[in-house]
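> A structural model of the following input is requested.
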Amino acid sequence: MTKILRNIKGDKVIWAVVALLALFSFLPVYSASSNLAYLYGDGDTFSFLIKHFAHLVLGFLIMYGVHKIPYHYFKGLSIIMIPVVLVLLLVTMAQNTTIEGANASRWIRVPFVGVTFQTSTLAAVVLMAYVARYLSKIKDQTISFKESLLPLWLPVFLVLMLILPANFSTAAIIFSMVIMLVFLGGYPLKYISVVLGTGFIVLVFFILFAKAFPGMFPNRVDTWVSRIENFVDNKDTQEDYQIERAKIAIARGGVIGTGPGKSVQRNFLPQSSSDFIYAIIIEEWGFLGGVFLMLLYMFLLFRLVVVAHKSEDVFGKLLVIGVGLPIVFQALINMAVAVELFPVTGQTLPLISSGGTSIWMTCLAIGIVLSVSSKREAIIEKELDKEKEENPLEVLREAV
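Now for the predicted structure:
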């Protein structure tokens, strides 16, 4: 264990926050998976706990391995991986999978292993690294919109258009994060406004196309519209079943909660261990537990800003923001949905919700952040070693 700890590099606070979130996740996942155990199993929730443990172990192995890679390698890797994720997204969309008549083409099954994988989450991390690479390349240069159209925006819109038919919320989050990143990267505001306008027009045309040919995208646009209408109208309908149960769970939690494992609404919420796990957490841990969890994510955001600020180059700064900020953003969206501050999106709570792909890709992104911070540590250690070589007497005094 001591040897492993010595090999861990990067921001130790981020390591601690991630480990704390992962450890805490076992309690709500074990509690909230009871309805799945009875619906799809023999009532044994322990198997779901073991599965969640396996997902976290693999996630931490990914994080450990990635944080050992020098972060400047991600420049080249992002270029290589863009065609790969485009092919994966095409394969995913081509499956045309439906569940109860609705489009569910979000996952592919890994051959020989039998594990399902949500390709859009990998595409999001790769795309953010790619955009960070491009922005660092053009830093302090004057470029025209036409010059950036093919190398920057073509991959962005290709990825988004392949994700949009099956997963509007993920496509919207990725687009928002890309816009945020190019803004922070110094991309001209007049060009950003053109991209925003183009994105809106493309979305409108897609909705009209989906309405005209409903067989190509079964029920997806209707689902988006109904979710937004239900959120705005604030009426109790069949579509509001999950959010109403989540509100009941939050109301039952009160200030200190009913206690670990004592949730009632976990038996009624279909997505109690994933999309609506925050409501179960508040029911069992109360308002105080919900606020504490939110503060952990806010503290993670703070450390991301610190790592970005201390990075030695522009690519490192943008890479940390690009892959790190979506984690916190997704967490806030998940919490906002649970308390009905945002329409239902289907976004999980990073490192807390059950689900392998979400955990693995979150750990991948955090590993990249830790790779950037470990580079800073290596530079500081090198400077200290150089000072010791130049001042051997100071080394003797420290030894005494």
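> Phe205 - how many residues pack around it?
10 (other Cβ atoms under 10 Å). In this view, the C-beta of every residue, glycine as well, is placed from N, C-alpha and C.
> In terms of pLDDT, where does it sit?
pLDDT, Phe205: 85.
> if I look at it, how far off is Ile192?
Taking Cβ to Cβ, to the nearest Å as the measure, Phe205 falls 21 Å from Ile192.
> now Leu293, nearest residue through space, not along the chain?
For Leu293, ignoring the flanking residues on the chain, the nearest one in space by Cβ to Cβ, 6 or more residues apart in numbering is Ile281 at 6.4 Å.
> for the host helix or strand of that neighbour, which positions count as buried?
Using DSSP states H and E, Ile281 maps to helix 277-310. For helix 277-310, burial by neighbour count (16 or more other Cβ atoms under 10 Å) applies to 277-286, 289-290, 293, 296-297, 299-301, 303-304, 307-308, 310.
> cool, and stretch 142-157?
Using 16+ other Cβ under 10 Å as the test for burial, stretch 142-157 gives 148, 152-153, 155-157.
> now do stretch 16-28
Quick answer for stretch 16-28 (16+ other Cβ under 10 Å): 17-18, 21-22, 24-25, 27-28.
> Stretch 79-92 too?
Residues of stretch 79-92 classed as buried: 79, 81-82, 85-86, 88-89, 92 (neighbour count, 16+ other Cβ under 10 Å).
> Phe329 and Ala172 touch, don't they?
No - if you go by Cβ atoms under 8 Å, Phe329 and Ala172 don't touch, sitting 11.1 Å apart.
> Out of the buried residues of stretch 79-92, which one has the lowest pLDDT?
Ranked by pLDDT, these bottom out at Thr92, which has 86.
> quick one: the residue nearest to Leu293 from Leu56, how far?
Going from Ile281 to Leu56 by Cβ to Cβ gives 17 Å.
> Of the buried residues of stretch 142-157, which belong to helices?
Those of these mapping onto helices are 148, 155-157, per DSSP state H.
> and of the residues you listed, the nearest to Gly257?
Using Cβ to Cβ, Val156 is the member of those that lies nearest Gly257, at 42.3 Å.
> List the residues that contact the closest one.
127, 131, 175, 178 (Cβ atoms under 8 Å, 6 or more residues apart in numbering).
> Met180 is in what secondary structure piece?
Using DSSP H and E, the element containing Met180 is helix 168-184.
> Three-state assignment for Phe117, please.
At Phe117, secondary structure determined by DSSP: H, G, I helix; E, B strand; the rest coil is strand.
> and it, how many neighbours does it have?
Neighbours of Phe117 under the rule other Cβ under 10 Å: 18.
> contacting residues for it?
107-110, 356-357.
> Show me which of these are buried.
By neighbour count, with 16+ other Cβ under 10 Å, the contacts of Phe117 hold 107-108, 356-357 as buried.
> Restricted to helices, list those.
Using DSSP H, the members of the buried ones among the contacts of Phe117 that fall within helices are 356-357.
> which two of the buried ones among the contacts of Phe117 lie the greatest distance from each other?
Spatial extent of those (Cβ to Cβ) is set by the pair Ile108 and Gly356 at 12.9 Å.
> Mutual contacts of those two, please.
Taking Cβ under 8 Å, 6+ apart as the contact rule, Ile108 and Gly356 both touch 116-117.
> that older thread, run the chain-centre distance for the helix holding Ile281.
Centroid separation for helix 277-310 versus its chain: 14 Å, with Cα atoms, centre = their mean, to the nearest Å.
> ditto for stretch 345-357
Centroid separation between stretch 345-357 and its chain, computed with Cα atoms, centre = their mean, is 8 Å.
> how long is it end to end?
Stretch 345-357 has its terminal residues 17 Å apart, counting by Cα to Cα, to the nearest Å.
> any chance you could map the strands in the stretch 101-250 of the chain?
102-103, 107-109, 116-118 (DSSP state E, counting those that start in this stretch).
> Dead centre of this protein: give me the residue that sits there.
Centre of the chain computed as the mean C-alpha position; nearest residue by Cα atoms, centre = their mean is Ile327, 4.1 Å away.
> On the three-state scheme, that one is what?
When classified by three-state DSSP, Ile327 comes out as helix.
> Test my guess that it contacts Thr362.
Yes - assessed by Cβ under 8 Å, Ile327 is found in contact with Thr362 at 5.8 Å.
> Which neighbours do the two have in common?
Counting by Cβ under 8 Å, 6+ apart, the common neighbours of Ile327 and Thr362 are Pro350.
> Might you list the low-confidence residue ranges for the stretch 201-350 of the chain?
Applying pLDDT under 70 to the stretch 201-350 of the chain flags the ranges 213-239.
> try it again with 90
Counting by pLDDT under 90, the ranges of the stretch 201-350 of the chain that qualify are 202-249, 252-277, 311-313, 337-348.
> what about the helices in it?
Here the stretch 201-350 of the chain has its helices, by DSSP state H, counting those that start in this stretch, at 220-233, 241-253, 277-310, 314-338.
> And the longest one, what does it pack against?
Spelled out, it's helix 277-310. Secondary-structure packing of helix 277-310 (3 or more Cβ pairs under 8 Å, 6 or more residues apart in numbering; DSSP states H and E): helix 12-32, helix 241-253, helix 314-338, helix 356-390.
> Please identify the most buried of these.
helix 314-338 (a mean of 23; mean count of other Cβ atoms under 10 Å).
> check contacts around the closest residue to Tyr297 other than its chain neighbours.
With sequence-adjacent residues excluded and distances taken as Cβ to Cβ, 6+ apart, Tyr297 is closest to Ala331, at 4.6 Å. The contact partners of Ala331, by Cβ under 8 Å, 6+ apart, come to 294, 297, 349-350.
> Swap in 7 Å and give it another go.
Residues near Ala331 by Cβ atoms under 7 Å, 6 or more residues apart in numbering: 297, 349-350.
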